[in-house]
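Undergrad: compute the structure for the input listed below.
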Amino acid sequence: MEKIAKDIGDIQSRLLDHRPVISAEVRYFVREFEEKRGLRESRLLENLNKMVQEANEQMLPTNLEEMSQKLSDISKRLEAANHMTERVQQRELEAQQNTQLQANMEKLKEDWAEFLKEQQRLKEEVDEEHTKAVGELSTRFSEKKKELAQFSL
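TA: Below is the predicted model:
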């Protein structure tokens with residue numbers, strides 16, 4: 001009876017206890033899934049890596065050339081803008097200098113007119129003194145002439 005009980009327990013455990021079989025099936029399924037998925041993911045990663053490398057090889061030089069060209073264009077524009085601002089500043093400086101020059105010219109004209117007036121006044125004083133001196137000399141000369149005429153008589 002013991003053998004029958006053992007056989008019945010063995011049969012019962014084989015028929016009703018499916019844990020070892022299910023566990024083995026789950027391990028097999030997981031192993032197959034991981035292998036297939038791992039291969040699929042590695043293929044996907046390889047494809048992505050190839051795409052990135054191709055993009056780097058094709059896009060990077062093109063982008064560098066475009067950036068270089070655009071930087072060159074920007075540099076030329078900046079140089080032109082600097083040149084124009086320098087010209088504007090030069091014109092403003094010239095206008096300011098012209099304004100100062102005109103103001104200086106006006107001042108010089110006023111000073112010259114003042115100088116001419118002063119010279120005219122001084123000339124008149126000299127002429128007046130000269131006329132006085134000539135008058136005094138004429139008077140003295142006349143007096144000396146009279147005195148000389150009296151002595152000669």
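
Undergrad: and residue 21, what element?
TA: Assigned by DSSP states H and E, residue 21 belongs to helix 19-152.

Undergrad: which elements pack onto that helix?
TA: The contact analysis (3 or more C-beta pairs under 8 Å, 6 or more residues apart in numbering; DSSP states H and E) places helix 19-152 against no helix or strand. C-beta here means a position set from N, CA and C on the backbone, and glycine is covered the same way.

Undergrad: and that helix, how far from the chain's centre?
TA: 12 Å (C-alpha atoms, centre = their mean, to the nearest Å).

Undergrad: tell me the average confidence for it?
TA: In this model, helix 19-152 has an average pLDDT of 85.

Undergrad: CA atoms of stretch 89-98 as CSV?
TA: Extracted in CSV, the C-alpha atoms of stretch 89-98 (Å, rounded to 0.1, in the frame of the first residue of the first chain):
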residue,chain,number,x,y,z
GLN,A,89,31.3,110.3,-37.5
GLN,A,90,33.8,112.0,-39.9
ARG,A,91,31.0,114.1,-41.4
GLU,A,92,29.8,115.1,-38.0
LEU,A,93,33.3,116.0,-37.0
GLU,A,94,33.8,118.0,-40.2
ALA,A,95,30.4,119.8,-39.6
GLN,A,96,31.4,120.5,-36.1
GLN,A,97,34.8,121.8,-37.2
ASN,A,98,33.1,123.8,-39.9
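
Undergrad: just the buried positions in that stretch, please.
TA: Under the neighbour-count criterion of 16 or more other C-beta atoms under 10 Å, stretch 89-98 has nothing buried.

Undergrad: again with stretch 123-130
TA: Neighbour counts over stretch 123-130 (16+ other C-beta under 10 Å) mark no residue as buried.

Undergrad: just the CA atoms of it, as PDB, please.
TA: The C-alpha coordinates for stretch 123-130 follow below in PDB (Å, rounded to 0.1, in the frame of the first residue of the first chain):
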ATOM      1  CA  LYS A 123      45.800 157.200 -37.400                       C
ATOM      2  CA  GLU A 124      43.500 160.100 -36.600                       C
ATOM      3  CA  GLU A 125      45.400 160.800 -33.400                       C
ATOM      4  CA  VAL A 126      48.700 160.600 -35.200                       C
ATOM      5  CA  ASP A 127      47.400 162.800 -38.000                       C
ATOM      6  CA  GLU A 128      46.000 165.300 -35.300                       C
ATOM      7  CA  GLU A 129      49.400 165.300 -33.500                       C
ATOM      8  CA  HIS A 130      51.100 165.700 -36.800                       C
END
